[in-house]
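Asks: Return a 3D structure for these sequence lines:
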Amino acid sequence: MTAFDDVAAGSATRPVATRVWDPVVRIFHWALVAAFATSWLTGDEVKSVHLASGYVIISLLAVRLVWGLIGTRHARFTDFVCRPSMVLAYLRDVLRLKAKRYLGHNPAGGAMTIALIAGLAVACTTGFMMTTDAFWGIEWVADVHEAAANVLILLVGLHLAGVAVASFEHRENLVKAMITGRKRL
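Replies: Numbering: from 1, shown residues only. As a prediction, this is how the structure comes out:
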């Protein structure tokens, strides 16, 4: 047992929980949820808020990319980025309700994390480009920005569905785990 494990006092039958998601990952996740929702809801309607939330997203992505290289075990990309064949095999097991439980990201969750980061990078890059003189009013930049935002909404929906399925299949509350940072062993 490590210093990070929690055991319910006086009860050997209760499950042991361990810290999985560190504060950087959890704060990043929920701040990104708020910033992306703000960006999506404000769009062209409240430009100053949309721009500010976009800059927040850029900052959050920068922190997450660094943390993905030097952070704690389950935060590092090396812990959850898998080959496409592993992701597909995992998804087949999910359909059969026989997917292996992972303490950190499962292969599909890792792939979704990368897809969301990539989509956000495209949306942020094109959003920033639209604020520069060189790309002001260039239609393809605005089109790519809007397409990236729409793809991100689809990915968020798939992410939420994946969280629901994994929570059901493994009988654990993944939303709670992303709040507390703890999962059962």
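
Asks: where does the residue most central in space within the chain land on pLDDT?
Replies: Residue closest to the average C-alpha location in the chain (C-alpha atoms, centre = their mean): Thr113, at 4.7 Å. Here the pLDDT value assigned to Thr113 is 97.

Asks: And the one 3 residues further on, by the same measure?
Replies: At Leu116, the predicted lDDT confidence score is 98.

Asks: rewinding a little: what are the phi and psi values for the residue nearest to the centre of the chain?
Replies: Dihedral pair for Thr113: phi -60, psi -50, per degrees, to the nearest 10.

Asks: pretty sure it contacts Asp79?
Replies: No: using C-beta atoms under 8 Å, Thr113 makes no contact with Asp79, being 10.7 Å away. In this view, the C-beta of every residue, glycine as well, is placed from N, C-alpha and C.

Asks: Give me the common contacts of those two.
Replies: His105 (C-beta atoms under 8 Å, 6 or more residues apart in numbering).

Asks: which residues of the chain fall in helices?
Replies: 23-42, 47-70, 77-80, 84-95, 107-129, 139-170, 174-180 (DSSP state H).

Asks: Tell me which of the ones you listed sits most buried.
Replies: Among the helices of the chain, the stretch with the highest mean neighbour count (mean count of other C-beta atoms under 10 Å) is helix 107-129, at a mean of 19.

Asks: Against which helices or strands is that one packed?
Replies: When contacts are defined as 3 or more C-beta pairs under 8 Å, 6 or more residues apart in numbering; DSSP states H and E, helix 107-129 packs onto helix 47-70, helix 77-80, helix 84-95, helix 139-170.

Asks: low-scoring pLDDT stretches of this protein, where are they?
Replies: 1-15 (pLDDT under 70).

Asks: Please produce a markdown table containing the helices and strands packed on helix 107-129, extended by distance to Trp21.
Replies: Formatted as a markdown table, the helices and strands packed on helix 107-129 follow (distance: least, C-beta to C-beta, whole Å):
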| stretch | distance to Trp21 |
| --- | --- |
| helix 47-70 | 11 |
| helix 77-80 | 12 |
| helix 84-95 | 20 |
| helix 139-170 | 13 |
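
Asks: Quick one, which of those gets closest to Leu120.
Replies: helix 47-70 (5.8 Å; C-beta to C-beta).

Asks: what packs against the closest one?
Replies: Going by 3+ C-beta pairs under 8 Å, 6+ apart, helix 47-70 lies up against helix 23-42, helix 107-129.

Asks: Put together JSON lines for the ones you listed, with distance to Arg73 on each row.
Replies: Output for the helices and strands packed on helix 47-70, formatted as JSON lines (distance: least, C-beta to C-beta, whole Å):
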{"stretch": "helix 23-42", "distance to Arg73": "11"}
{"stretch": "helix 107-129", "distance to Arg73": "13"}
